[in-house]
Structure formats: structure tokens, C-alpha cells
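sharing a model that was predicted from the sequence below.
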Amino acid sequence: MELIKTDIAIVGAGGAGLRTAIAVAESNPDLKVALISKVYPMRSHTCAAEGGAAGVIKSDDSLDLHFNDTVGGGDWLTDQDVVEYFVNEAPKELLQLEHWGCPWSREPNGSVGVRPFGGMKIKRTWFAADKSGFHILHTLFQTSLKYPSIERFDEFFSIDLLMADGRCQGVVAMEMKSGRLFRFQAKAVVLCSGGAGRMFPFSTNGAIKTGDGTAMAYRAGVPTKDMEFVQYHPTGLLATGILLTEGCRGEGGVLRNKDGYRYLQDYGMGPETPLGEPVLKTMELGPRDRLSQAFWHEQQKGNTIPTSWGDSTHLDMTHLGEKHIDERLPLVRELSITYAGVDPVKEPVPIRPVVHYMMGGIHTNIDAETPVPGLFAVGECACASLNGANRLGSNSLTELLVFGKRAATNAVEFARNRNAEANESELQEQADKAQTKIRELVQRSGGTESIAGLRAEMTKSLEEGAGIYRTEETLQKTCNTIADLRKRYAGIELHDKSNVFNTDLFQALELGNMLALAQTVAEGALARKESRGSHQRLDYEARDDEQYLKHTLAYYQGDEAPRIDYHDVVITKSKPGVRDYSGGAK
Amino acid sequence: MSAVQLELEILRYDPEKDQEPHFQTYQVACQEEWMVLDAINHVKDEVDTTLSYRWSCHMAVCGSCGMMIDGQPKLACKVSVKDYANKKVRIEPLANFPIERDLVVVQDDFMEKLKRVKPYIIRKEEQPIEAGEYKQSPAELKKFKQFTLCINCLCCYAACPEYALTPEFMGPAALALAHRYNTDSRDQGLAERHKELSKPEGVWDCSFTDTCSIACPKHVDPASALQQLKIATTVQWYKELIGMGDK
Ligand SMILES: Cc1cc2nc3c(=O)[nH]c(=O)nc-3n(C[C@H](O)[C@H](O)[C@H](O)COP(=O)(O)OP(=O)(O)OC[C@H]3O[C@@H](n4cnc5c(N)ncnc54)[C@H](O)[C@@H]3O)c2cc1C
């Protein structure tokens, strides 16, 4: 096994990983950074983000307003110290990206433009047409090429963390082209491995979003936090689940049911706003959880349109005009035509809610630290409790930047003060264990289970039991199914025995990771007997601050279901209140 | 959801056991809405789990699934199975790159070249963050915007006759990105990039066949970037000659 000694190992080279790496390299060029990613950086799923990134920049806006929108949007399950730090740093980070060349869309006077987004009281979302994440990712990646201290390990698949003497000291990863294992020995490790939307059958997430880093941390004893909060985005294209950005509604697109009626007004988000004049924080610019829930109710009432790809409603942009759509939403037009055969300039686009984002993740604090010394986490794999029970669109791209930088600062400090010898023998022993695990998986024969089969059962069960609305009964069933699938996982057999780019093996590892996390989603949801944000229980319809104004922590227990515990929410200045998206109408 | 029948002839190669690449045929009953990638995924999930290829976003933006489909470099996630209904379709790894395994090619060459063109903002003096954004008018943005859209899928390299002949050639995507930064109103790095671009394997190797622009799934039009670069490179060369070589 090859040994790579580095100062800071970063797992993941999406927006979070790249921002972290650059921040280390810029301020501490003498420290070695190993940037490890299972795909080339520009393939990371940050590339898929369309709408934009939030940060206060215009004179009509204020940090307090961004704070209030975020805390209320998250149904008060946000940690307010984290939110405060975030809104403060957000504009600086977005400006930094501007200085690095991000092609933000502009106003006629040359300043950056902002667009409205769901749940935000003021226009504050910076955007680069409808390819914001793509441009952010490429700007960061290209900028990272400036720094010689960043050594990239592209197409290296991380398998396990290495822990010794009560701290994290590295990671084991496989070079995908050769099948060789590498032991990365580091003074600090930062996980930036992205979300896990692929646990669900219908998702905006790319194939790589399988929660690997979150599962690695979980197995190593770090609790996951708030995993039951899964965001459904209201507007996914049928068949593929490709996202049509909230920017569509920000620009004035509206949702209609089978009768052409703008149904959101029936779910506390009215009154109906005039066509082409979207009003912030009402109707189509309500938050995602509410919009997706409204779809579910319409479906119950028979107001949706049945299709061979499931029930749908319509996202209507026909009144926006070709010129506006081509300027602001060119990708949306291209995607609708290519993948749904519908030109949004001419016709309403059939859509339905789609799993989009994990609010939960590795338990971290305002310093991007996990409870394990030397281990940090940033981005969608982490849960710094910025997003609470429902993330507001356009906060997470900014989160990658703000907390990437913060993680870098803290990881550097940790690495600098850590001159204790690495526990080489213990680390090697753990790495050997990972190797044995892989060898056993590849060589095992006689198994009857298939990866695709188990994966399909997992995704179906999560959707059925832990979807937009949940009950004790559906959740219990899902918990049982997932527990059973975890047992059956031992019965899969790999048919690919090659050392070279063995995707059979990687898919098996990804499935194992997802199954472990699926259990934290379902068990967390079962234990939370209230409705809050994206977690809606038909058997406990109200929010219960008395019992559940708390974060859920899930601790790994080997083959058993996780142990569930709770952790206080940090409240500084905003007492839990009512989420009002009626435009102050009533 | 009526079915579209596809006969996929997929190139297979595992360097650990195959002397030579060979083709393997799979019959796939596809749903009408499927892209070619969905058909390949079906093979992977249901028929032959040993097939290796790259893919992720399934929305034509991550650039992972570039491959030769019926002889043309394409994103597998962006071409409909209906385009090949009831036909035999060859699926091969991107041309002009060494094969790593099955449909996976070695991309190190591009990653090296991209770095050489210094694809980042270069300035003599950085404006502090506190001073706000660099102003850039929509017209200034428009000048380079198109060239920012490259997803690095490498379809253009697979289409480029020059790259096939002269592997040292920097190639369409890397050069288009150099041009993207050269024409960004915030950048002052033209002279620095010029050193790399004016080398024989820089812009001058391009014979302007336009095949890169035809292949580009994102309409970046690298051929036009290259034409503009050639002019800029010539101007810069004269400027340096008469001692005023700066941007
Ligand atoms: C379609 C879509 C649109 C979105 N639009 C917006 C938007 O407009 N605004 C907004 O704020 N947010 C948006 N989001 C959310 C946001 O884009 C993501 O939350 C964010 O980009 C995640 O970034 P990340 O760096 O954490 O992870 P990613 O970009 O997903 O990167 C994860 C990295 O981890 C690596 N990795 C994972 N597992 C392993 C392993 N085992 N070994 C090695 N490496 C590994 C991957 O290779 C990758 O480099 C959107 C999300 C989607 C899906």
C-alpha cells in the first residue's frame, strides 16, 4: 500500500473542497494539501446548480433580513450563531469569486445582478444566468490550478477514515485506474464529499451523490445530524428528475394544476399575484417544503395530471417571452426541450417534486469541526445547522464558500499545533482492515443479491415511507426494510474482478454507504413526532417546540439501527415563530 | 412509453485480460424518453455489471459521459435513443485518447494542457475585496461569456483532426479557455499566456476545420475562439517586437 504524507487531506473537490483547498494554499503555501476526489473536480455535482448564491450586496437589503429569512425558512431548527456568521461572510465570499473571474450576470451599470428566490424577502441571489453552480465550480477549479501546494488525486475513491489516539489522522482511498490502495496520512482531514440524494428514486442529484463521506464519518463514530430533513424541490422534470431552477419562478414562472388554476393560493401562500409580477415570499416564491407539500395535497384531491412518469402539475413560463427566457434561463429551455420535448417559450412544462438536497449530514459546528479532533466537514455532506428543517434555495452554494474558508482556517490551526507523532502502526492496521474489506467484497462468490436490485428496493422504500408526508406506519415499514436490506447486502456478489476502473466495486461501496445513511433518515424521522419544515408527519401535524426544538443525532451501531440522541439548537435572537408566506395578506 | 429497440455494440477492453479491444453486443428495449446513457445504464444494471464508463449528472453539464456514438463524439446523456431506433449503434470511447478500460479514456493530457494556459484571472494589482466588485458591463461580459460555457467533456478533442495527428497540440477546449480569460475585462494576463499560446503547439497548429465547433454539445464554438486567438497572438507578437507588449 502506498503511503502519502500530507498536512491537510481534503475528500471531495466540488465547490466545498476546492474552496477549502484554495483557502489553505493561499494563506499557508508551505502546507501540503492532498485533494482527493472520485471524479475530476469539474464533474462534481456543484456543476448542476442553476439558480444562484445568496449574499447581501444591494443597498435595499440587510444582514438582518437575510438572517431572518434563513432562520424562519429553516423552521427555527437553524443554529443562529451559524446563520449570523454566514450572512456576514456571504457577501465577501461572493465578491472573492467575482475577483477570481466568476461570470456573474450584470446590471447595465456593471455591478452584479441579483434575482429573487423562494423564501427570500429581498432579491439577493447572485446568478450567472442559470448556470451558477457550473460557473462557480469551474472558476474555483481553474483558480486552484494557480497553487502548487495543492496536489490533486483525481479519481481516487475514499473508503474509510483513519483514526488513532482519539483523532482523525488520514484516509484510505483507492486509485480507480489501478485498484491500488493509498494510505493518506494527514494532520487534519476535511470531508467535502457532497450529499446523498441518490438514496431516493427520483432525484436531481448526479450518480456520484451517494453520501460516501458522511457514511465514512458515521462509521468512524461521528454522529449524523438531522438526516430526516430531506428537501423536495417542487419543480423536477418528469422522467429524469432534472431540476428546473427556482429561478424560473423568480423570473415569473407560475405553477398550475390540471385546470390551469394556480393552486398555491389554497395553501396559505396566496393571494394570487398578478402574472409576470412575482411577489417575494408569496405564492410561487414561497419556500420549497411548502410548495412540494401543496403538490401532494393537489394529488390527493385529484387535481394533478396523470402521466406515465407519475402525476404532474405545470410550470408555466409562456408569458415571460422568448427573449427573457433566453437571456435568464437558457439552460432551462435547453433542458426542457432535450429531456421533456417541451419548449417553455411555447408550452407549460410538466413537473413534479423531486428529492434535491440533504439538510442533514455530518454533525459540525460553526467552526466546521466534527466532534472528532482533526476531522472537519463542509458543504452538503455536513450539517452545520445553517439550513435547519428546510434550506432556502441559493444558501448552499454560499455555504460551501463561507464554511470552506472557515474549515481551512481551523484545519490549518489544528495541523500547525499538532506535532505529535502519527500513530503509524495503528493507522497501518486500520488501512489493512480496509484492504481486507475490499478484497473480501471483490472475491466473495456465490452471492445471490444484485447491487441494482437492492438499490431499487432501498430507493422505493425511502420514497414510500420517508417522502413528502410520513406516518408512524410508513416509517416503521421503511425502517424494517432498510434493516433487512443491510443484512442482504452481505449477499451481493461482484462479477467484475478487475483492478482497473472497477465500477461494480465502487457501486457496491456506494450502496453500502447509502444503506447506512438511509437508516439514519428513516429512524430519525420515526423518532421525531412532530412536523417541521421538510419533515411532515400526518400523525403529528404540528410543530412541537417543547419536545423537538432539537437536532437529531444518530450514532452508528454496527449492524444494528443507529442510536438516536438529541442536541440543543442555538437560539440567539429569533424566538421560534410562525412561518408566514401569505405576503401579509390576511 | 412505447419501446424503442436498440442494438448496442459496445467496445470492451480490460487491460488486465484483453490483448485487444473487442465489441460486445447488447439488445436493449428502451423507453421512448431515454437517452443513450439510460440504455447503457440499463445494460450495466440488468445485463452486464462489468461494463465500465463514466457518468454523473445526466443533464449535460458535468461532462463525464463523452463517448463516440455511431462514430461521432457526443454526450451519451444528451442524445435520444429515438435517434438510433431499430438500428445497430456503435459505442466507443472518445477518439484520440488512450483507452483506460471499456469506455473510460485517459484524460491526463487535457488536464496538463489546461493548466498550461493559466485559466485564471491574472492581474498586476488585486483590488481589495472591501472595494467591491470589478465593474463589468453586460457588453463586456458578452465578449467572453460564450467561451466560459466549456464543460471539458473533450468531445472537441475527439473531433479534432489536428489533435489526432499532433498530440502536442493544445487543442480546442484549452485554447478556448485561454481566450476566455484573455478577453475578460478583469484580466491582464494576455502577455503571460502569450508565451504558451505562441509556441508551435499553441494556436498555430489549428487548421481551422471547424469540426470542434460542430462536435461541441454546449455551442462554445472553440473554432471561433481559435480564430480570434490567432489574430490576438499576431498582434501581441508585433507589439512585443516593437517593445510595447502588454495588455
Ligand atoms: C440540480 C441542482 C441544482 C442546485 N441549485 C442550487 C442553487 O441554485 N443554489 C444553491 O445554493 N444550491 C443549489 N444546489 C445545491 C448545491 O449545488 C449543492 O448542495 C452543492 O453544490 C454541494 O457542493 P459540495 O461541494 O458539498 O458537493 P459536490 O459538488 O457534490 O462535490 C462532492 C465531491 O466529493 C467527492 N466525493 C464523494 N464521494 C467520494 C469518495 N468516496 N471518494 C472521493 N471523493 C468523493 C466527489 O468526487 C466530489 O468532488 C443545487 C443542487 C442540485 C442537485
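Looks like it arrived, so ask away. Numbering: from 1, shown residues only, chains lettered A, B, ... in the order given.

and chain A, split by domain according to the record?
Domain ranges of chain A: A:2-229+A:359-421, A:235-355, A:426-544, per automatic domain parsing.

tabulate those (CSV), appending distance to the ligand, mean neighbour count and mean pLDDT.
C-betas here are computed from N, CA, C, even on glycine. Listed next are these as CSV, based on distance: least, C-beta to the nearest ligand atom, whole Å; neighbours: other C-beta atoms under 10 Å in any protein chain shown; pLDDT from 0 to 100:
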stretch, distance to the ligand, mean neighbour count, mean pLDDT
domain A:2-229+A:359-421, 2, 24, 97
domain A:235-355, 4, 20, 95
domain A:426-544, 7, 19, 97
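
host element of the residue nearest to residue A:26 when sequence neighbours are not counted?
Distances taken as C-beta to C-beta, 6 or more residues apart in numbering or on different chains place residue A:147 nearest to residue A:26, at 7.1 Å, with adjacent residues excluded. Assigned by DSSP states H and E, residue A:147 falls within no helix or strand.

report the contact partners of residue A:147.
Residues near residue A:147 by C-beta atoms under 8 Å, 6 or more residues apart in numbering or on different chains: A:21, A:22, A:25, A:26, A:29.

is the third one in a helix, a strand, or coil?
The three-state label for residue A:25, taken from DSSP: H, G, I helix; E, B strand; the rest coil, comes out as helix.

please name the residues that touch it.
By C-beta under 8 Å, 6+ apart, the contact set of residue A:25 is A:31, A:33, A:144, A:147, A:149, A:150.

swap in the last one?
With contacts taken as C-beta under 8 Å, 6+ apart, residue A:29 has the following neighbours: A:147, A:148, A:149.

what's the separation between the last one and residue A:31?
Read it as residue A:149. Plainly put, residue A:149 is 7 Å away from residue A:31 if you go by C-beta to C-beta, to the nearest Å.

got any residues that touch both of those two?
Applying C-beta under 8 Å, 6+ apart, one finds that residue A:149 and residue A:31 are jointly contacted by A:24, A:25.

could you dump the domains of chain A to TSV with distance to residue B:241?
Shown next, in TSV, are those (distance: least, C-beta to C-beta, whole Å):
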stretch	distance to residue B:241
domain A:2-229+A:359-421	29
domain A:235-355	42
domain A:426-544	49
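
quick one: closest of the ones you listed to residue B:56.
Taking C-beta to C-beta, domain A:2-229+A:359-421 is the member of those nearest to residue B:56, at 3.8 Å.

quick one: is the biggest helix by length in chain B near chain A?
If you go by DSSP state H, chain B has its longest helix at helix B:222-241. No - figure legend: helix B:222-241 not in contact with chain A (C-beta under 8 Å from any C-beta of the partner chain); closest approach 15.0 Å.

list the buried residues of that helix.
Buried positions in helix B:222-241, judged by neighbour count with 16 or more other C-beta atoms under 10 Å in any protein chain shown: B:222-230, B:232-233, B:236, B:239.

which of these sits closest to the ligand?
The nearest member of the buried residues of helix B:222-241 to the ligand, counting by C-beta to the nearest ligand atom, is residue B:222 at 25.5 Å.

without its sequence neighbours, what residue ends up closest to the closest one?
residue B:172 (3.6 Å).

now name the helix or strand holding the residue of the stretch 151-300 of chain A found nearest chain B.
Of all residues in the stretch 151-300 of chain A, residue A:206 sits closest to chain B, at 3.8 Å by C-beta to the nearest C-beta. Per DSSP H and E: residue A:206 is located in neither a helix nor a strand.
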